[in-house]
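# Sequence plus the predicted model coming up.
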Amino acid sequence: MSEPSELYEAILKGDHRSAAATARKWLDEGVAPMQLVTGHMIPAMDEVGRLFECEDYFVPELLLAARAMKAALEHIRPLLAAGGIEPAGRVVIGTVKGDLHDIGKNLVAAMLEGGGFEVTDLGADVSPERYIEAASSKNADLVCLSALLTVTMPAMKTTIEAFRRAGARDRVKILIGGAPVTPQYAQEIGADGYGENASTAVALARRMVKVVHA
Ligand code: B12
């Protein structure tokens, strides 16, 4: 992003009406959806995080920024989903137990849909039991776990262990992601893969489905 844009400012200020209207206007003018996401919206959320860290912003400002981000995403999501061509596999996705952050998870879900996957989104604060139940009832190839808090990362491990205990671990590939998560952590807890962002998540999911079906 060369300079702060209207969309960036709207998210930073938590103005959901302006965020939605600006996103709509730019999409109508032909700006690529992912350019809005990576060039303006994610940088705005990063700045919100920085302001929170240095105590210029508090939880209410985070909530307003998140609402503005979601309002803009409402316009972008259908366009990402429309990009898909062939059905690529079945995915169950959610944010792990105790964690309410769902913006990144929503983006990953939208990109996977756009990549032709059938996606079941369980939302946030998802218990291991709900992942296991959904993976079984949807006959999922992949389970995607998101966590944004260092204190909820262990819930990823607990979820993977629960799959193992339920005898369901071998039926799915488990991918993890979220800002504090690392490839090393994925290896440590026995996940099948780690994705840094929504685009790499799609490439990774495609590779994993090939492995599942091999
Ligand atoms: C918005 C926000 C909130 C909102 C969330 C609203 C919502 N509906 O999501 C609210 C206000 C609820 C919130 C609450 C809290 N938050 Co908060 N929040 C944020 C903030 C500013 C932005 C997160 C975000 O949406 N980023 C944008 C998205 C697009 O990025 P992303 O989530 O990282 O996702 C991308 C990748 O990580 C990846 N990815 C994500 N998931 C997955 C999954 C898979 C499978 C794959 C492959 C990839 C992948 O792809 C995504 C797209 O590219 C961050 C700061 C930051 N910059 O991250 C703090 C932050 C995460 N929050 C923080 C904290 C401390 C809290 C609270 C504890 C605050 C409090 N005192 O109450 C609570 C916890 C509530 C709870 N139980 O969850 C800290 C966490 C610190 C830590 N290390 O644990 C952060 C880092 C802020 C900070 N700098 O201190 N928060």
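Noted; the coordinates are in hand.
# would you list every one of the helices in this protein?
Ranges of helices within the chain are 6-13, 16-28, 33-36, 42-53, 59-81, 103-114, 128-137, 154-165, 183-189, 198-213, based on DSSP state H.
# how about the second one against the ligand, any contact?
No: for a cut-off given as Cβ under 6 Å from any ligand atom, helix 16-28 has no contacts with the ligand; the smallest distance is 12.4 Å. Just so you know, the C-beta spots here come from the backbone N, C-alpha and C atoms, and that holds for glycine as well.
# Name the residues of that helix that are buried.
16, 18-23, 26-27 (16 or more other Cβ atoms under 10 Å).
# Give me the angle between it and helix 42-53.
Computed with axes from the mean of the first three to the mean of the last three Cα atoms, to 10 degrees, the direction of helix 16-28 lies at 160 degrees from that of helix 42-53.
# returning to what we had before: ok, and which of the helices of the chain has the densest surroundings?
Across the helices of the chain, averaging neighbours per residue (mean count of other Cβ atoms under 10 Å) puts helix 103-114 on top, at a mean of 24.
# Mind giving me the packing neighbours of it?
helix 59-81, strand 89-95, strand 117-121, strand 142-146, helix 198-213 (3 or more Cβ pairs under 8 Å, 6 or more residues apart in numbering; DSSP states H and E).
# now the longest one: mean pLDDT?
The predicted model gives helix 59-81 an average pLDDT of 86.
# Same question for the last one.
Helix 198-213 shows an average pLDDT of 82 in the prediction.
# Could you confirm whether that helix reaches the ligand?
Yes: counting by Cβ under 6 Å from any ligand atom, the ligand is contacted by helix 198-213 at 198, 201.
# Put the alpha carbons of that helix into CSV.
Output of helix 198-213 as CSV, limited to C-alpha atoms (Å, rounded to 0.1, in the frame of the first residue of the first chain):
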residue,chain,number,x,y,z
ALA,A,198,-5.2,-17.5,3.2
SER,A,199,-3.4,-18.0,-0.2
THR,A,200,-0.9,-20.5,1.1
ALA,A,201,-3.8,-22.3,2.8
VAL,A,202,-5.3,-23.0,-0.5
ALA,A,203,-2.1,-24.4,-2.1
LEU,A,204,-1.5,-26.4,1.0
ALA,A,205,-5.0,-27.8,1.1
ARG,A,206,-4.7,-28.9,-2.5
ARG,A,207,-1.5,-30.7,-1.8
MET,A,208,-3.0,-32.4,1.3
VAL,A,209,-6.1,-33.6,-0.6
LYS,A,210,-3.8,-35.2,-3.1
VAL,A,211,-2.1,-37.1,-0.2
VAL,A,212,-5.5,-38.1,1.3
HIS,A,213,-6.7,-39.5,-2.0
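# Summarise which helices and strands it is packed against.
Right, helix 198-213 is packed against strand 89-95, helix 103-114, strand 142-146, strand 173-177, strand 193-194 by 3+ Cβ pairs under 8 Å, 6+ apart.
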